[in-house]
Each structure stands twice: as C-alpha cells, then as structure tokens.
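> Generate a structure from the sequence data that follows.
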Amino acid sequence: MDALTRLAVAARDGDPAALDAFLDAAYVPVHRLCRALAGPTDGPDLAQEAVVRVVRALPGYGGDAPATAWVLRIARNVCIDAHRSRARRARLAGQLASERGRRVPASATGPEGAVVLAGLLAHLDTDRRDALVLTRWVGLSYAEAADVLGVPVGTVRSRVARGRAELAALLADDDADRTPGAGAPRGVAPAVDEAG
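As a prediction, the model looks like this:
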C-alpha cells in the first residue's frame, strides 16, 4: 500500500491530520490533470470541485485500488461533466469555428502556448486526450494511467500514440493556415491573381 493510499484509508477512518495530509498530497496531480484537460482558466476551479467530490466519496473508498488512480478518476469525471455541460450550452460547430479564428501562433510560449495547447487538446477524441494528459502532463506511467482510465495498458499506449499523431497533424494544419502558399506543392509558387 503506497503512502497516499495509507493516508486515504486513515482519513476515511476519521483521522483529521491524515485527511489534511491526504488532500495536500492529492491536490497536486488533481490540479495538473484538471488544468491540462480544461485549460488554465477552468482547470483550478475544476480541481477544487474534484477535491470536494473526493471528500464526499471518501467514506466509500475501499482502499483496494491505489488512491492516486481513484482520485484522478474522480477528477477526470469532473472535467468530463464540465465539458458536457459546456457542450449543451453551445453548439460545437460554432464554438470550434470561432476558436479557430482566435488561435495564436502554435510557436507561442508561456500562457499563449498553454491556450493553444488547450485548444488543440479540445479537438482530440476524449479517450486520446485523457491518455496523453495523464502520461505526458500529469506524469503517470502507462500502467497508472490504465488504472485511472479503467483500460488495458496496451490501450493507453495506442491512445497516446494516436493522440500525439493527431496533435502533430493539428499543429501542422495550424501552421499551414498561417503560411502563404502553404497548399502549393513543394517548389511550385502559389498562383497569383493577376487582376488585383
């Protein structure tokens, strides 16, 4: 039994010091996951919501699964619920079209880069996005991510590989949209309108 799981069991059994220590330790991966899945604006609020749900669910925690996987599964569900709620309020097609027009260059760093990445991640299939975020941003191993997602390790590997390929294609498309003559074959100058 790992340290976080021991703290979770002690907190479940009524130890207030263990509850504080458990929540402090669990918040870091929860915050990383929520920020990566929902972006820098909504991520912190969703992390707080996830912690509230963890506290509510703690009396039912059996201790048979690692606490990290259990906590991150709750956080992921919070992010999924928030995404579904937003989707009900806005038509996806209109939202994607308006996002595309506001996107900053893919080469941007700092907060702008985080916004670009969050926008690109939003275009990925949920399963692929979650696998990428858990392994690349939260830092879980494939086995730990498989535990959180409730799928075999091979499925996580496949989703990560496909998600990376999809992200690379989205970045290439985004860069091509900004490059004059991007659609022209290599070595061929784009057509110029002689009338203008």
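> Next secondary structure element downstream of the helix or strand hosting Asp24?
Assessed by DSSP states H and E, Asp24 sits inside helix 16-57. Counting by DSSP H and E, the next helix or strand C-terminal to helix 16-57 is helix 67-89.
> Just give me how far that following helix sits from the chain centre.
Put simply, helix 67-89 sits 10 Å off its chain's centre (CA atoms, centre = their mean, to the nearest Å).
> elements contacting it?
Counting contacts by 3 or more CB pairs under 8 Å, 6 or more residues apart in numbering; DSSP states H and E, helix 67-89 packs against helix 3-12, helix 16-57, helix 126-132, helix 142-149. For every residue, glycine as well, the C-beta is placed using N, CA and C.
> what packs against the helix holding Asp24?
Going by 3+ CB pairs under 8 Å, 6+ apart, helix 16-57 lies up against helix 3-12, helix 67-89, helix 111-122.
> If you rank every helix and strand of this protein by mean pLDDT, what lands last?
Counting by mean pLDDT, DSSP states H and E, the chain has its least confident helix or strand at helix 92-102, which shows a mean of 43.
> Contacts only, for Ala67.
Neighbouring residues of Ala67 by CB atoms under 8 Å, 6 or more residues apart in numbering: 2, 4-5, 7-8, 22, 26, 61.
> With pLDDT as extra columns, can I get those in TSV?
Output for the contacts of Ala67, formatted as TSV (pLDDT from 0 to 100):
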residue	pLDDT
Asp2	89
Leu4	92
Thr5	93
Leu7	94
Ala8	94
Phe22	95
Ala26	93
Tyr61	92
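> Select only the buried ones of those residues in ChimeraX?
Buried residues among the contacts of Ala67 (16 or more other CB atoms under 10 Å), as a ChimeraX selection:
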select :4,5,7,8,22,26,61
